[in-house]
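> Build me a model from this:
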Amino acid sequence: MKKKEMITYSGEELMQMELPPVRFVVKDFLSQGLNILAGQAKVGKSWMMLDLCIKVAKGEKFFGFDTEKSTVLYLCLEDSPNRIRDRMVKLTDTAPANLHFAVMADNLAGDLTKQIESFIDKHPDTSLVVIDTLQKIRKAKGDMYAGDYKVISILKRLAERRGISIVCVHHTRKKSDKDPFNTVSGSTGITGAADNIYVMKTDDSCSDFAKLYMRGRDIPERVLTIQFDNFRWNCLGKSSLENDGFMNDGAMLSLLSYLKREEIFEGTASDLCNTLGLKIESNVLSRKLGKYENELQKAGVEFTREKKNHTRILTLVYSRSEPGDDGDDIFLHTVNTPKSA
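The predicted model follows:
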């Protein structure tokens, strides 16, 4: 049997080739290929994915990024039609006709890829397929790394073959790590084979706030500070991984939201913790206030410490009525809306 020769390109040929640009379903945020969104259980991943699907189907901005209006397929494999409809009602007044749902599908050992390709054949303008969750379509056997890599590679080849973006919702481990991308459940076969990785991490001191860490082949490496408000995740700010500080501190963001509403606070650090509903000790909050004193001033907050009757009293006043010249208006009203997925 004649051996099949490898196809190669010289450097000169490659430089002269007319190659199509990378397709972005959400500009600078979500590119074509295989993407993993990982986060803790019940952190709100499904709310985020449903909102993403609606925005792409309508061609509306998502987290402030432009989207490519197109057909979307959302495999809600842990939900029922009733739950999906209930969530849709909370997120939109008009359900897009080009957003399709399935609550049952085959797994990767069966005909899942054929089912997805059949859908794309019927809807050739499809750009996004969300699989919620990855665990529902895989069957782990033998070596974990090899199994994880094989699963991701199958989906990756499908995405490349059809020029679409596939997002798989996944979980993170309970054990923490300095590098959030190391918390993705499973072996490094998942993160190694995927094109882009997104990790949601909540701040225990204020669960309505979270960080969305982004890393990939075609997207900038950055951290988004997000807040769950009125059943939707909203982007409050963007920063690099190296600048993961004030804008990503849930206690400070909760404080700013409170001061935007109330304009002033006076009391002890313990009183402030109770007022904000923070799950941290008062001395920890005091250290944060000292650490971020300059950042708070830039955000329009002045605070003083004064001893009264042997008690240290904090006075914090929000004085800015308009966003600063740098556009950092990060204050959104905090609504303690329950997240169920």
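> what's residue 80 in contact with, if anything?
Residues in contact with residue 80 (Cβ atoms under 8 Å, 6 or more residues apart in numbering) are residue 103. In this view, the C-beta of every residue, glycine as well, is placed from N, C-alpha and C.
> how far away is it from residue 102?
Look at residue 80 and residue 102: by Cβ to Cβ, to the nearest Å, they are 12 Å apart.
> How about residue 37?
18 Å.
> Those two: who's more crowded?
residue 37 (25 against 14; other Cβ atoms under 10 Å).
> Now do the helix ranked longest in the chain: distance to the chain's middle.
Longest helix in the chain, counting residues (DSSP state H): helix 144-162. Offset of helix 144-162 from its chain centre (Cα atoms, centre = their mean, to the nearest Å): 22 Å.
> Can I get the helix or strand where residue 303 lies as CSV, trimmed to CA atoms?
In this assignment (DSSP states H and E), residue 303 forms part of strand 301-308. Taking C-alpha atoms only, strand 301-308 is exported to CSV below (Å, rounded to 0.1, in the frame of the first residue of the first chain):
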residue,chain,number,x,y,z
VAL,A,301,-14.4,57.7,47.9
GLU,A,302,-12.9,59.6,50.8
PHE,A,303,-12.6,57.9,54.2
THR,A,304,-11.2,58.7,57.6
ARG,A,305,-10.5,56.8,60.8
GLU,A,306,-11.2,58.4,64.2
LYS,A,307,-11.3,57.0,67.7
LYS,A,308,-14.5,57.7,69.6
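> pretty sure residue 164 is touching residue 124, no?
No: with contact defined as Cβ atoms under 8 Å, residue 164 and residue 124 do not form a contacting pair (10.6 Å).
> Of the two, give the one with the bigger neighbour count.
Counted by other Cβ under 10 Å, residue 164 and residue 124 do not tie: residue 164 has more neighbours, with 23 against 9.
> ok, now which ones touch the more buried one?
Residue 164 makes contacts with 25, 32, 120, 126-129, as judged by Cβ under 8 Å, 6+ apart.
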